[in-house]
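Q: A structural model of the following input is requested.
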Amino acid sequence: MNKKRVVVTGIGAVTPLGNDVESTWKNILAGKSGIGELTRLNPEEYPAKVAAELKDFDVELFIDRKEARKMDRFTQYAVVSSLMAVKDANLEITDENAERVGVWIGSGIGGMETFEQQFQTFLKRGYRRVSPFFVPMMIPDMAAGQVSITLGAKGMNSCTVTACATGTNSIGDAFKVIQRGDADVMVSGGSEAPITQMSMAGFCSNTALSTNPDPSKASRPFDTNRDGFVMGEGAGIVVLEELEHALARGAKIYAEIVGYGSTGDAHHITAPAPGGEGGARAMKLAIQDGELKPQDLNYINAHGTSTPYNDKYETMAIKEVFGDHAYKLAISSTKSMTGHLLGAAGGVEAIFSVLAIKDSVIPPTMNLETPDPDCDLDYVANEARKQEVNVAMSNSLGFGGHNATIVFKKYQ
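A: Reported below is the predicted structural model:
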C-alpha cells in the first residue's frame with residue numbers, strides 16, 4: 001500500500017496553564033505550574049488536596065449558552081479546543097470537502113460530572129426529573145459527536161477509550177485513517193473533566209493521587225519523593241492533514257507525524273507490566289512504523305505520571321528500546337506542570353512535542369530535586385533547554401495495560 005504522508009496543520013488546547021495553546025506553551029517553557037489547591041470540591045473530604053483545574057474558562061466565548069448546557073464539561077473542552085485548532089489550521093469545512101474531514105476524539109471517563117448530578121436528581125426526584133440529555137451528555141463519544149456537528153465534519157467519526165492512553169491512541173488511529181486514504185483531514189485528540197466527587201474518590205481510594213498538600217511540589221516525576229499524580233483537566237486537539245492536501249491549500253505545517261505503536265500489557269488492571277515491557281514494544285513499533293532508527297530520536301515527552309511504578313518502568317522501557325542512546329535523549333514530563341489530564345494527556349502532550357520541534361526547545365521536568373537512582377536519564381530538570389529537535393516521541397500508558405506511542409518529525 002502506498003502510505004500517504006500526514007502533517008499537523010492546526011493545534012488547539014485548554015489546559016490548567018492557559019485557555020489556549022499560546023499561553024499554555026509560554027507557561028510550560030517558563031516552568032510555571034497549573035496546579036493549585038482543590039477548589040471545585042471540598043478538599044477536606046479527600047486525602048488529595050490539590051488539582052490542576054482550568055482557570056477563568058468561559059465556554060460562552062465559543063458556544064451558545066443553550067447549546068453548552070447540553071454538553072458535559074469534557075465535551076465543552078473538546079469543542080472549544082477543536083474550534084481553535086481548525087481556526088489555527090485556517091481550514092474551511094464546506095459541503096464540498098465535509099465528507100473527507102473526520103473527527104477522532106477520545107475521553108478516558110467521559111461525562112462523570114453529568115452522571116453524578118443526574119443520579120442525585122434521580123434519587124431525590126425520580127426518573128421523570130432526569131434530564132433527557134443525560135445519556136448524550138455522559139457518553140465518552142459525545143465529544144467527537146459534538147465536534148463533528150459544530151464543525152460540519154462528515155467524515156469518519158470515532159472515539160477511543162483507553163484510559164490515560166486515550167489521547168495518543170486517538171491521534172495515532174486518526175493518523176492511520178489519513179495514511180490509508182480514508183480521509184484528507186482528521187480533527188483528533190483527547191478531552192477530560194475528571195475533577196468530580198466520584199473520580200477523586202476512586203483515584204484516592206486506589207492511592208494513585210499525590211497527598212502532598214503543596215501545589216508547587218505535588219507533581220514530581222522521576223523524583224525519589226514522588227507519591228502519586230495530580231488530577232488535571234482540559235483538552236488537546238490537533239488537525240492532521242494529508243500532505244498534498246495541506247500543500248494545495250497553502251497550510252502552515254508544524255511537523256509530520258510518521259509513526260504509531262500501540263500494545264497491551266496483558267498483565268494487571270492498574271499496574272504496568274514489569275520493566276515496562278508493553279511500553280517498550282509500543283515505542284519499538286512506532287519507530288519501525290516511522291522507518292526510523294532509535295538513534296534518530298532527539299526528545300521524548302514521557303508519560304511521566306509521578307507515580308512510583310510508572311516513572312521507574314518507563315525509564316526501564318526507554319533503556320530497553322534505545323540502549324546507549326537512551327542517555328543521549330532529552331526526556332521530560334510536562335505533567336509536572338499540567339498535572340495528569342487522563343484521556344486528554346496524550347492530546348496536550350502531542351502538541352508539546354510538535355512545538356518542541358517547531359521552536360527548537362525542550363520543556364522541562366519541574367520539581368526534580370532528588371533524582372531517583374532508578375531514574376537516571378536526562379529529564380531536562382527544572383529549566384527548558386534550547387536544542388534542535390528533529391524527531392520527537394510522545395508516550396501514553398493507561399489502566400488496563402494500554403500503551404500508545406506516536407512519533408513526530410520535522411517536516412522537510
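
Q: CA only for contacts and neighbour counts going forward, please
A: Fine.

Q: now the end-to-end length of stretch 265-281.
A: 10 Å (Cα to Cα, to the nearest Å).

Q: so what touches that stretch?
A: If you take Cα atoms under 8 Å, 6 or more residues apart in numbering as the criterion, stretch 265-281 is touched by 261, 263-264, 309-310, 313-314, 316-318, 320-321, 397-404.

Q: what's around residue 112, how many residues?
A: As a burial measure, residue 112 scores 24 neighbours (other Cα atoms under 10 Å).

Q: contacting residues for the residue lying closest to residue 159 once chain neighbours are set aside?
A: Closest residue to residue 159 apart from its sequence neighbours, by Cα to Cα, 6 or more residues apart in numbering: residue 106 at 4.6 Å. Going by Cα under 8 Å, 6+ apart, residue 106 touches 140-141, 143-144, 158-161, 166-167, 170, 189-191, 343-344.

Q: now the strands for this structure?
A: 6-14, 36-37, 50-51, 101-106, 157-158, 185-192, 234-242, 255-264, 299-301, 330-332, 361-362, 385-386, 391-398, 402-409 (DSSP state E).

Q: any chance of a markdown table for these, columns mean pLDDT and distance to residue 349?
A: Formatted as a markdown table, the strands of the chain follow (pLDDT from 0 to 100; distance: least, Cα to Cα, whole Å):
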| stretch | mean pLDDT | distance to residue 349 |
| --- | --- | --- |
| strand 6-14 | 98 | 10 |
| strand 36-37 | 98 | 20 |
| strand 50-51 | 98 | 18 |
| strand 101-106 | 98 | 14 |
| strand 157-158 | 98 | 20 |
| strand 185-192 | 98 | 10 |
| strand 234-242 | 98 | 8 |
| strand 255-264 | 98 | 14 |
| strand 299-301 | 98 | 7 |
| strand 330-332 | 98 | 10 |
| strand 361-362 | 98 | 12 |
| strand 385-386 | 98 | 17 |
| strand 391-398 | 98 | 7 |
| strand 402-409 | 98 | 10 |
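
Q: please identify the most buried of those strands.
A: Each of the strands of the chain was scored by mean neighbour count; the highest is strand 185-192, a mean of 35, by mean count of other Cα atoms under 10 Å.

Q: where does this protein have low pLDDT?
A: 1 (pLDDT under 70).

Q: again, 90 this time
A: Judged by pLDDT under 90, the chain has its weakly predicted residues at 1-2.

Q: helices of that one, residue ranges please.
A: Ranges of helices within the chain are 21-29, 65-68, 73-88, 112-125, 134-138, 142-151, 166-179, 197-205, 243-248, 277-289, 308-322, 335-338, 345-359, based on DSSP state H.

Q: what would those look like in a markdown table with distance to residue 328?
A: Formatted as a markdown table, those follow (distance: least, Cα to Cα, whole Å):
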| stretch | distance to residue 328 |
| --- | --- |
| helix 21-29 | 21 |
| helix 65-68 | 47 |
| helix 73-88 | 33 |
| helix 112-125 | 42 |
| helix 134-138 | 44 |
| helix 142-151 | 39 |
| helix 166-179 | 24 |
| helix 197-205 | 35 |
| helix 243-248 | 31 |
| helix 277-289 | 17 |
| helix 308-322 | 9 |
| helix 335-338 | 22 |
| helix 345-359 | 17 |
